[in-house]
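[1] what's the 3D shape of this:
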Amino acid sequence: MKHEVTKSDVTVVGGGLAGISAAIAAARMGMKVALVHNRPVLGGNSSSEVRVWVCGATGHGVNRFARETGIMGELFVENQYRNPEGNPYLWDLTLLEAVRAEPNISLFMNTDVREVEADGELEARVIRSVTGWMMGSERLIRFESEAFLDCTGDGLVGFLAGAAYRLGREARHEYDEDWAPEVADEITLGSTLLFYTKDTGKPVRFVAPSFAKDITKTSIPLKRVIRSGDSGCHYWWIEWGGELDTVHENERIRDELWAVIYGIWDYIKNSGQFDAETMTLEWVGSLPGKREFRRFIGDTVLTQNDILAQRPFEDRVAFGGWSIDLHPPQGMYASESGSKHLHADGIYHIPFGSLYSKNVGNLLFAGRNVSATHVAFGTTRVMATCAVMGEAAGVGAALSVKKGVSPRELRDIHMAELQQAMLKSDSSIIGLKNEDEADLARKGTVRASSTMTRIRLDQPTEAYPLAADIGMLFPIDGAIGALELLLSATEGTELVVELWDTGREENYVPATRKQSATIAVNAGEKKWVTLPIEEREEAGVGEARNAFLIVRANDKVSLFKSAVPLTGVLAFERGVKPVVSSDLEDHQPDQPVIEWSMKRLVRQPFCFAVDTGAYAADKAIDGFVRPFGGPHIWVSEPLEEGRDEWIEVELAERANVSEIHLTFNDDVNEDLINLHHHETPFPVIPELVKDYEVEAWLGGKWQSIVSEQGNRKRKRVHRLANAVAADRIRLVVHLTNGGERAELVEIRVY
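    Prediction:
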């Protein structure tokens, strides 16, 4: 046996998406990081060993402009390019390469941490080291650091260190949560095994193993969806163990899940009810995907009420948006629906106070073990949300070490610095502005070659009959002017239109009706009709915000889908149910984000026109890098051959410029996914700038200081080998990845 000691600034235990993001974030802050993982591949439940879809704040397209940015966003976009088919082994590679690209990370896989050295009183513990056994290598490794992150999911490190935690469901009265049970218990969400199938093109027999369960003697065929062509996460409902100890009875749970999987496959292959003669099992999981075990207690315990109220915590460092998604304790054998869902009106905020221990001074955590009630955990547990919490915890750990303070002291004294550091790296925080005093662009003056000042979507494709109400969301900066709609009418009729606001800036559903109008429409094909929407002088008029236009159903009228999408513009249908099966999913019917769906109209707005100031050049330095009451983005007029579009920042004074940050538009409304739920029809987001130059005004002329071809990333940081003394910097866009216009979310100059 070989004994080793590894010293680093930060030790991250757990190599799922939370741990990966935490390690990368801390490493990019200049920390030496040890990333310790007990499996042979990274990714946790998303890896090729378990194969769960990486879900997050988009909720499979329920929430708008909600895809994660920062490290999780980088992984989504890279996987989209390299792995559009959703191959789980290529996803493993995407994660491994992301970690290996960071020189400050030392990666220890197959290393199971099972010992923790901590000292101090119970209410003021400090971790000194953790020790892990590297399987297959006979190496016993002691990891010593100033800060430790428990991203194990099960929370073993914090448990061994004496960190306060909770297990099971809180009673309703504890946090006044109406989805909590009357009496507290130790019930958790169960674990799942998945399987893959494939069509061989020739007859294949299946002989069930002796332990396969006869599922016809259970409630499964009656209450769950079984189809011969489904595989992977379509069978998320093969879940069990919620009434057991999901850690200590892990082997028993696995055996039961195996018995059901082989029983389901025997039912599909041999019952005669399915077209499955040529199909075979390609892969069956052997590592149960756990949903829930310990949840640590931090200075803040996130609750159901925080989620639904979208509480804007002062120490917010991340966001989520998946529904509160709870499953019956009996899992696949339950008589009720496999899941029930409760949605907020948009994304919700996650506080830093939920990411560190209240009694272990140098312990942070991220993933499914964060400080939240069981009900709130029903949404924070999904992996993309775990990842953005991991990034926040990683930055927090790095700053704590740099400043020699605890995470609590960091929150109390240096919270703004933590948030600004995260915004600088394009992390997933909504509603906070760039206030970096070192950013020279913030105090500069911006101008551009052109700016789109009128939305006009006038390339119609198919007609869309107004069989139900539709919604149209578009950004406004200033009063609404010259609002037009392209439509056809089979006969003369009256059309009712309503203008609504969206309430909170992070929401995209109608909240308050501002105006209503009824217009006479004559019979005719493809006519532009002016809508009598005139804003009166009142609070809100003139401010940047989103408008939500409702066009009420009329069976004599058709609108037209646009052949071209446009940043900041969305279309909605009312009353499109998201339910896969009433036995599988139970969505509460009166939730606005469910009532108004954009799923069938992604990148297909309706043809309309309106004046807007929402795409001005100064949006690139207004401090916001995500949509919030508008897209916060510069958009040019359409690109033309032989003419480049540019955006220029004139600095307040000449400075030695050494670093330029560019954030391009990767359409955070597009729902990306790592595996096989759906395939995006393009390998690179079309709106992303592809070929560009950064120029400086030097010696009385523009000179190129950066030249890039083939860009497919959202955030680019260009560090110059030699600083240039300049007072004007500009981005010149030569080509996009398919978008019609040049678009830039943010430019920073240092």
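
[2] Could you give the backbone dihedrals for Asp178?
    Dihedral pair for Asp178: phi -80, psi -10, per degrees, to the nearest 10.

[3] for Lys443, same thing?
    Torsion angles, degrees, to the nearest 10, at Lys443: phi -100, psi 10.

[4] any idea which helix or strand carries the spatially closest residue to it that is not a sequence neighbour?
    Nearest residue to Lys443, sequence neighbours excluded (C-beta to C-beta, 6 or more residues apart in numbering): Ala652, at 4.7 Å. For the C-beta atoms, the positions are set from N, CA and C on the backbone; glycine is no exception. Element membership for Ala652, per DSSP states H and E: strand 645-663.

[5] ok, then the element right after that strand?
    As assigned by DSSP H and E, the chain's next helix or strand after strand 645-663 is strand 689-698.

[6] now that next one, how far from the centre of its chain.
    30 Å (C-alpha atoms, centre = their mean, to the nearest Å).

[7] Next, the angle from that strand to strand 645-663.
    100 degrees (axes from the mean of the first three to the mean of the last three C-alpha atoms, to 10 degrees).

[8] could you measure Gly353 against Ala547, distance?
    For Gly353, the distance to Ala547 equals 35 Å [C-beta to C-beta, to the nearest Å].

[9] domains in the chain, as residue ranges please.
    2-170+294-424, 191-284, 440-450+616-749, 454-611 (automatic domain parsing).

[10] Can you say which of these is packed in most?
    domain 2-170+294-424 (a mean of 22; mean count of other C-beta atoms under 10 Å).

[11] tell me how far the ends of that one are from each other?
    One end of domain 2-170+294-424 sits 42 Å from the other (C-alpha to C-alpha, to the nearest Å).

[12] Quick one: mean pLDDT over that domain.
    For domain 2-170+294-424, mean pLDDT is 97.

[13] Tell me the first helix or strand C-terminal of the longest strand seen in the chain.
    Longest strand in the chain by number of residues, with DSSP state E as the criterion: strand 715-736. Next helix or strand after strand 715-736 toward the C-terminus (DSSP H and E): strand 741-744.

[14] tell me what that next one is packed against?
    Where contact means 3 or more C-beta pairs under 8 Å, 6 or more residues apart in numbering; DSSP states H and E, strand 741-744 is packed against strand 634-638, strand 645-663, strand 689-698, strand 715-736.

[15] nearest to Arg291, of those strands?
    strand 715-736 (31.8 Å; C-beta to C-beta).

[16] How far away from the center of its chain is the closest one?
    Taking mean C-alpha positions (C-alpha atoms, centre = their mean), strand 715-736 and its chain are 29 Å apart.

[17] So which of the helices and strands packed on strand 741-744 is nearest Leu559?
    strand 634-638 (23.0 Å).

[18] Tell me the strands beside the closest one, with direction?
    Using DSSP bridges, the strands paired with strand 634-638 are strand 741-744 (antiparallel).

[19] Just confirm Thr218 contacts Tyr333, I think it does.
    Yes: Thr218 lies in contact with Tyr333 (C-beta atoms under 8 Å); the separation is 6.1 Å.

[20] ok, and the closest non-adjacent residue to Ile647?
    Nearest in space to Ile647, with sequence neighbours left out and distances taken as C-beta to C-beta, 6+ apart, is Ala448 at 4.4 Å.

[21] wait, what's in contact with the one you found?
    Ala448 makes contact with 617, 634, 636, 645-648, according to C-beta atoms under 8 Å, 6 or more residues apart in numbering.

[22] show me where the stretch 151-300 of the chain has strands.
    Counting by DSSP state E, counting those that start in this stretch, the stretch 151-300 of the chain has strands at residues 165-166, 191-192, 195-199, 239-240, 279-284, 295-296.

[23] ok, the fourth one: who's next to it in the sheet?
    Paired strands of strand 239-240, with direction, are strand 191-192 (antiparallel) (DSSP bridges).

[24] Now do the partner strand, average pLDDT.
    97.

[25] Return the distance of it from the chain's centre.
    22 Å.

[26] Let's see the distance spanning stretch 428-440 from one end to the other.
    End-to-end distance for stretch 428-440: 23 Å, by C-alpha to C-alpha.
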